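Participant: Model the following, please.
(chains A and B)
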Protein chains: 2
Amino acid sequence: MSRYIERLTPVPEALRLLEERVARVEPLGEVPVWEAVGLPVAGDVVAPHDWPPRPKSAYDGYAVRHSDVPGRLRLVGEALIGRVDVGFRIGPGEAAYVTTGAYLPEGADAVVPEEKARVEDGYVIVEEPIEKWRNVDPPGSIVRKGQLLLGDGSVVSPADAVALLDAGVTSVSVYRPLRLSLISTGSELFTPSDPEEARRRILSGEVAATTGDFILWFISSYTPWVEIVDTALLPDERGAVAWTVKRFLERSDIVLLTGGTGPSNIDLFYQLAGEIGGELVFRGLYVRGGRPTSAYVVGGKPVIGLSGYPLSALHAFTRLVYPLLKYMGRVTRAHPPPPFVEARLGAPVKKGRPRPVKVRVEWRDGEYIVYPLEDNLQLTSANVGLAMADGILYTGDQPLQEGERAIVLLYREPRGGGPQP
Amino acid sequence: MSRYIERLTPVPEALRLLEERVARVEPLGEVPVWEAVGLPVAGDVVAPHDWPPRPKSAYDGYAVRHSDVPGRLRLVGEALIGRVDVGFRIGPGEAAYVTTGAYLPEGADAVVPEEKARVEDGYVIVEEPIEKWRNVDPPGSIVRKGQLLLGDGSVVSPADAVALLDAGVTSVSVYRPLRLSLISTGSELFTPSDPEEARRRILSGEVAATTGDFILWFISSYTPWVEIVDTALLPDERGAVAWTVKRFLERSDIVLLTGGTGPSNIDLFYQLAGEIGGELVFRGLYVRGGRPTSAYVVGGKPVIGLSGYPLSALHAFTRLVYPLLKYMGRVTRAHPPPPFVEARLGAPVKKGRPRPVKVRVEWRDGEYIVYPLEDNLQLTSANVGLAMADGILYTGDQPLQEGERAIVLLYREPRGGGPQP
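Facilitator: Alright, predicted model coming up:
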């Protein structure tokens, strides 16, 4: 890898170059639905049988034979949800109390709502006629055998687990989790433990190691199909970093590094070429905030160098690595959705390469309005501006005018409360 | 508590009645910033000192005395970020290599960008003049002592941790976590362990216990200031449930129950009144999907009964309990933002009490377009529809026309990819 950055590769091209070279995960086989949450399904999930398999009550009330109603029916028992084998059937002139979701006792073909009947001396009195299958889910009425429930690559969400278990789908085929490791590099970094000591060290110029954690936050929150296998914090020493990259590659599908991507003598990433083998895929990304981002691929496994600056690293990560993690992990539809919203600019943003701009975010009249912190130029680059901001605006190549719309990574409820029921 | 639901309390009123009666958490004291993530700050966080405390380089290049430039300057050393006490100062006619974020060596008052200088035989040659403080963040230029960084009740996000640590703020005062327990009730429920056995039991009418997990998913994903203390799955036996509620109240600020909120003999919630003491606050909520939701308050602690049906429970939880958890936990601005988006209807939705409608979600021309699953009426109530849907639309009291906008809980990336950079 060349030391200097000679050509900045646009993100779409960098992503394509990586996709052409990396290995994707293979199916793991069938796993119980309750263990599949967070993993993408391998192949379409279709209903294995009609649902419900027998008529189910769709209301709390009285299961009857529709032809007996109106009339005075003998109450012969109750069929509650979850209580199987009620031990009786509904004969002519009979009725049973049923709850929503319970299987109808045999013989019944309609449910009279509780509030449209009255009970006297063990008899149910119904004044009005009722149609067949009224307040009943007949067999196969909800889902037919073979109907598509979840498409290939959909990450199983907790809502899907509820859905599948309710319909008797108790296992699904999934892809195996993608294994990721992360190395934070930088001799200036320290892991804070005591607040007073940490404050002294920061004021005297040392740097708390936060970039790796910032990336790991995004991964653990928004890519549940990625398993974080190993992490390490290392000084800028080539031997130690190269040795650790090789060791992590043995157990990982992808290795990320933060820091050391620049061209200086102490920057390590460009110096790893001879040590870890593999192919240099690109050196330098066409963005501002993450510009030195570079990547090798070693035996189908990407080794990606991100900036040591937290926001620059997150910027390149979200633009480039997040879609790559979806691709490698076989994810077509992610759960949870990533934390991006479309927002309207309350002030213009200057032209520049694609970059992250810290923004205050308001929720007004059903849309997000964002105000760049650029009125204070220093805050543009300083990390402390992240506390004063609520989100990060992703610019394109062109200047943005007031009133235009753009994508924002929102990490805090906006001022004004946000879209809530 | 009366057995029957006599008046449905609108959500805003139910929330107000609870807020008037519950205790809120108190400050916990100062904690290290890296342990504060997910907790709301107690009181405003302001900058404890000017930042930076000394001039910092804002660029990779050469630290100089601006009055020496243009000129040929002797290179006397380098000052890298994180390397403290460089051991030299910049005298007349001298320069030092500096990286972005490094403190300037004493004597220097400007930074010449690397690309606007060249180095020859230990000298730096600069052709153009430079202003004082150019490419430098002077002391206090980023943040002034006393400036507001995070307002009272803002939940500390990972971005805030990066921000605060970067500026030497290493501890913050926070509120203590809110302690929550949850009891799932229902004799029909079972905890699945083997997929084949689970499938047999579900097909014969038993119910996999998913409602509690569905609520706990939302809590663990979107209310990091809430600590889940205890959970239990219990049959519909009054003594066992009442005993467990009392036991959980000893260690919790709020106890949730799922199931048993109806008026039937086997429904327990209304029967707890005499057992757990406290005050009945409301019985029945003006919603469809969570209608029997009811609440006691016992010594300032809410005991809230939610539906046993997953979607109904989540519906009432997100409308009523989520804002209550913010209130009790002293949260003014949540991190992460809850998963709601504003969407446009691609088809009308019928009138009805506020209710959850399963919707397919598309991302088209910069907005979410939603299509209710109501074309298949059975899917409206059946849980399995959650797999075919991508989100849950929250209706108000009025019918919604095609083209109108409404709030949607989005649990999956929409078809078409969603807002992404």
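
Participant: how many other residues sit next to the closest residue to chain B within the stretch 101-250 of chain A?
Facilitator: When Cβ to the nearest Cβ is the measure, the stretch 101-250 of chain A has its nearest residue to chain B at A:E188, with 1.7 Å between them. (Glycine included, C-beta is placed from N, CA and C.) When counting by other Cβ atoms under 10 Å in any protein chain shown, one arrives at 22 neighbours for A:E188.

Participant: Ok, A:I125 next?
Facilitator: For A:I125, the tally of surrounding residues (other Cβ under 10 Å) stands at 13.

Participant: now the one 3 residues further on
Facilitator: When counting by other Cβ under 10 Å, one arrives at 9 neighbours for A:E128.

Participant: cool, and the one 4 residues further on?
Facilitator: The local packing of A:K132 (other Cβ under 10 Å) involves 11 other residues.

Participant: Wait, it touches A:A108, no?
Facilitator: No - here A:K132 does not reach A:A108: they are 10.5 Å apart, not a contact under Cβ atoms under 8 Å.

Participant: who are the neighbours in contact with the one residue in the stretch 1-150 of chain A that gets nearest to chain B?
Facilitator: Of the residues in the stretch 1-150 of chain A, the one nearest chain B is A:G82, at a distance of 1.8 Å by Cβ to the nearest Cβ. Contacts of A:G82 were listed using Cβ atoms under 8 Å, 6 or more residues apart in numbering or on different chains, and they are A:A102, B:G186, B:S187, B:E188, B:L189, B:G205, B:E206, B:V207.

Participant: cool, A:V111 as well?
Facilitator: Counting by Cβ under 8 Å, 6+ apart, A:V111 makes contact with A:S57, A:A58, A:Y59, A:G61, A:Y62, A:A63, A:V64, A:V98, A:L104, A:R134, A:N135, A:V136.

Participant: give me that answer again for 6 Å
Facilitator: Residues near A:V111 by Cβ atoms under 6 Å, 6 or more residues apart in numbering or on different chains: A:S57, A:Y59, A:G61, A:A63, A:N135, A:V136.

Participant: quick one: which of those has the most company?
Facilitator: Within these, most neighbours by other Cβ under 10 Å means A:A63, with 31 neighbours.

Participant: Can you tell me how far it is from B:P302?
Facilitator: For A:A63, the distance to B:P302 equals 37 Å [Cβ to Cβ, to the nearest Å].

Participant: same question, A:V76
Facilitator: Between A:V76 and B:P302 the distance is 41 Å, computed by Cβ to Cβ.

Participant: and what of A:G82?
Facilitator: From A:G82 across to B:P302, the span is 28 Å (Cβ to Cβ).

Participant: In strands, which of the contacts of A:V111 appear?
Facilitator: A:S57, A:G61, A:A63, A:V136 (DSSP state E).

Participant: what are the bridge partners for the second one, then?
Facilitator: Put plainly, it is A:G61. Partner residues in beta bridges with A:G61: A:V98, A:P113, with DSSP bridges as the criterion.

Participant: dump the residue contacts of it.
Facilitator: For A:G61, the contact set (Cβ under 6 Å, 6+ apart) comprises A:V111, A:V112, A:P113, A:E114.

Participant: same thing but 8 Å
Facilitator: Taking Cβ under 8 Å, 6+ apart, we find A:G61 in contact with A:Y97, A:V98, A:V111, A:V112, A:P113, A:E114, A:E115, A:K116, A:A117, A:N135.

Participant: possible to save those as a markdown table with pLDDT?
Facilitator: Formatted as a markdown table, the entries for the contacts of A:G61 read as follows, by pLDDT from 0 to 100:
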| residue | pLDDT |
| --- | --- |
| A:Y97 | 92 |
| A:V98 | 91 |
| A:V111 | 95 |
| A:V112 | 95 |
| A:P113 | 90 |
| A:E114 | 86 |
| A:E115 | 83 |
| A:K116 | 90 |
| A:A117 | 92 |
| A:N135 | 90 |
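
Participant: between those, which is nearest A:L233?
Facilitator: Comparing the contacts of A:G61 against A:L233 with Cβ to Cβ places A:V98 closest, at 61.7 Å.

Participant: Surely the closest one touches A:V76?
Facilitator: No - with contacts defined as Cβ under 8 Å, A:V98 does not count as touching A:V76, sitting 11.8 Å away.

Participant: With neighbour numbers in mind, choose between those two.
Facilitator: For A:V98 versus A:V76, neighbours defined as other Cβ under 10 Å are more numerous around A:V98 (31 against 19).

Participant: sorry, back to before: show me which of the contacts of A:V111 has the smallest pLDDT value.
Facilitator: Per-residue confidence across the contacts of A:V111 is lowest for A:Y59, with 84 (pLDDT).

Participant: List the contacts of it.
Facilitator: Under the criterion of Cβ under 8 Å, 6+ apart, the neighbours of A:Y59 are A:T100, A:V111, A:P113, A:E114, A:N135.

Participant: Apply 7 Å and report the result again.
Facilitator: Residues counted as contacts of A:Y59 (Cβ atoms under 7 Å, 6 or more residues apart in numbering or on different chains) are A:T100, A:V111, A:P113, A:N135.

Participant: what does A:L216 give?
Facilitator: If a contact means Cβ under 7 Å, 6+ apart, then A:L216 has A:L182, A:I228 as its contacts.

Participant: What of A:V143?
Facilitator: A:V143 neighbours (Cβ under 7 Å, 6+ apart): A:A47, A:W51, A:A167, B:V384.

Participant: close to chain B, is stretch A:29-46?
Facilitator: Yes - Stretch A:29-46 lies in contact with chain B when judged by Cβ under 7 Å from any Cβ of the partner chain; the contacting residues are A:P32, A:W34.

Participant: Widest-spaced pair of the contacts of A:G82?
Facilitator: A:A102 and B:L189 (13.9 Å).

Participant: Farthest-apart pair in the ones in strands among the contacts of A:V111, please.
Facilitator: Comparing every pair within these by Cβ to Cβ identifies A:G61 and A:V136 as the most remote, at 10.3 Å.
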